[in-house]
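Q: I would like the atomic coordinates for the input below:
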Amino acid sequence: MKVRTFLIAAAAFIAPVAMIAPANADGGIFVEVGQPNIAVGGYDTVSYFQGSGEPVKGDTRYTVRYKETEWRFSSQANADAFKENPAAYAPQYGGHCAWAMSRGSLAPGDPQLYKVVDGKLYLNFNRNVQKTWLADIPGFIAKANLAWISVPDGKRFGA
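A: Residues are numbered from 1 along each chain as shown. Modelled structure (predicted):
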């Protein structure tokens, strides 16, 4: 019963955010309100897949323009890797929250609340949402993949 109450409360909290998120998306890639047109809050998406798997902030010296958005990297090598295969490093669902997408909603993903699953990067909205998402990752991914199909092309990335 506690889980159901939490999910209802989380949905009530996320619903207003989900309605705002599309206005903050550019080409389907969620960008922070304070940093227009900067993907994944300025984090180096290649860094999620290297070494410790901890995200590293990108540097303005190593930027790539992709889908009308600026992507920042911590090194030229990471920028080059991204240029070679953006789909391998870009977060799923355009950087929106994976759990919210499983519910058919767009909500911002936090670049520090993430999980790499089967070589793909997934972001979550907050720690409580992530805790819920971690309880059934395969189930939520399956639901999110279906919901992502119905997101209008102008709000999608990597479709």
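Q: Let me see the ranges of the helices in this protein.
A: Taking DSSP state H as the criterion, the chain carries its helices at 2-20, 76-84, 86-89, 98-102, 127-134, 137-149.
Q: buried stuff in the third one?
A: I take that to be helix 86-89. By neighbour count with 16 or more other Cβ atoms under 10 Å, helix 86-89 contains the buried residues 86, 89. Every residue, glycine included, has its C-beta placed from N, CA and C.
Q: What ranges in this structure fall below the confidence cut-off?
A: 1-35, 152-159 (pLDDT under 70).
Q: repeat that with 80
A: Within the chain, the ranges that satisfy pLDDT under 80 run 1-36, 53, 152-159.
Q: Of all residues in it, which one is nearest the centre?
A: The centroid of the chain falls nearest to Gly95 when counting by Cα atoms, centre = their mean (2.1 Å).
Q: gap between that one and Leu134?
A: Applying Cβ to Cβ, to the nearest Å, the value for Gly95 to Leu134 is 18 Å.
Q: same thing with Tyr43?
A: Distance from Tyr43 to Leu134, counting by Cβ to Cβ: 20 Å.
Q: who's more crowded, the two?
A: Between Tyr43 and Leu134, Tyr43 has the larger neighbour count (other Cβ atoms under 10 Å), namely 24 against 12.
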